[in-house]
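In: Pasting a predicted model and its sequence here:
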Amino acid sequence: MNISELNDLDLTDIGNWPAVGKAAILALIMAAVIGAGYYFDTQHMRMQLQQVQGEEQKLLKEFHKRQRVIANLEAYRAQLAEMEKSLASMLRQLPTRTEMPDLLEDISNTGLINGLVFDRFKPESERPQEFYATQPISIRARGTYHQFGAFLSGVSALPRIVTVGNLKIGNGKKGAGNEKDDRETEELVLEASLNTYRYLDEDEES
């Protein structure tokens, strides 16, 4: 079949085409179908490949992350042991429920020993936390600048944890000293909130 014969073929009467023409058109149709199928199927597979590659990258990142953790496992264990040691040391500084009255007395005596006169020494309601309770103490005391300094220094030296907050110092009355000694002889008024902490018993934690 030559080109002139191809031009004479009637597209509306394919049934009467010669065998060569029918084979040619059938081959073209099959090629188009196979090409379309290959294109769409390949596109779908490419999308799946991209998805799998994305998952692979996530898994690789997770693997490297865990690999670093495993490589530093001994260091983490040593750090954890040190933290547990520090926590145990801090917990030993928290009094129990039965020791709390003695601690309050120690704070009060520290003020009296340093010459303070308490107008108010009032333990407030406890504030329970996860494994400890905060015990606020509202105080108002009279004394000199140096007496206040000695009191606060003595409180910080107690074997139990005591923190000072809302500290206010106001003027009281002056003593009989001269102007040079006014700072030492002037009576001041100190108001503050002391906070101490106690360890909760197991029944209190529950």
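Out: Right, received. Where do you want to start? Residues are numbered from 1 along each chain as shown.
In: For this protein, give me the ranges with low pLDDT.
Out: Applying pLDDT under 70 to the chain flags the ranges 1-22, 24, 36-41, 87-88, 90-93, 172-185, 201-206.
In: for it, longest helix please?
Out: helix 19-71 (DSSP state H).
In: Can you show me the CA trace of the following helix or strand past that helix as PDB?
Out: Going down the chain from helix 19-71, the next helix or strand is helix 73-91, by DSSP states H and E. Extracted C-alpha coordinates of helix 73-91, given in PDB (Å, rounded to 0.1, in the frame of the first residue of the first chain):
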ATOM      1  CA  LEU A  73      22.500   7.300  77.000                       C
ATOM      2  CA  GLU A  74      25.200   7.000  79.600                       C
ATOM      3  CA  ALA A  75      25.500  10.800  79.800                       C
ATOM      4  CA  TYR A  76      21.800  11.100  80.200                       C
ATOM      5  CA  ARG A  77      21.800   8.400  82.900                       C
ATOM      6  CA  ALA A  78      24.600  10.300  84.800                       C
ATOM      7  CA  GLN A  79      22.700  13.500  84.500                       C
ATOM      8  CA  LEU A  80      19.500  11.900  85.800                       C
ATOM      9  CA  ALA A  81      21.400  10.400  88.700                       C
ATOM     10  CA  GLU A  82      22.800  13.900  89.500                       C
ATOM     11  CA  MET A  83      19.300  15.500  89.300                       C
ATOM     12  CA  GLU A  84      17.900  12.800  91.600                       C
ATOM     13  CA  LYS A  85      20.700  13.400  94.100                       C
ATOM     14  CA  SER A  86      20.100  17.200  94.000                       C
ATOM     15  CA  LEU A  87      16.300  16.600  94.500                       C
ATOM     16  CA  ALA A  88      17.000  14.300  97.400                       C
ATOM     17  CA  SER A  89      19.200  16.900  99.000                       C
ATOM     18  CA  MET A  90      16.500  19.600  98.500                       C
ATOM     19  CA  LEU A  91      13.800  17.300 100.000                       C
END
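In: how far is helix 73-91 from where the chain is centred?
Out: Offset of helix 73-91 from its chain centre (C-alpha atoms, centre = their mean, to the nearest Å): 18 Å.
In: after that helix comes which helix or strand?
Out: The C-terminal neighbour of helix 73-91 among helices and strands, as given by DSSP H and E, is helix 100-113.
In: ok, back up a step: the longest helix of the chain packs against which elements?
Out: On a contact count with 3 or more C-beta pairs under 8 Å, 6 or more residues apart in numbering; DSSP states H and E, helix 19-71 meets no helix or strand. Heads up, the C-betas are built off the backbone N, CA and C, glycines and all.
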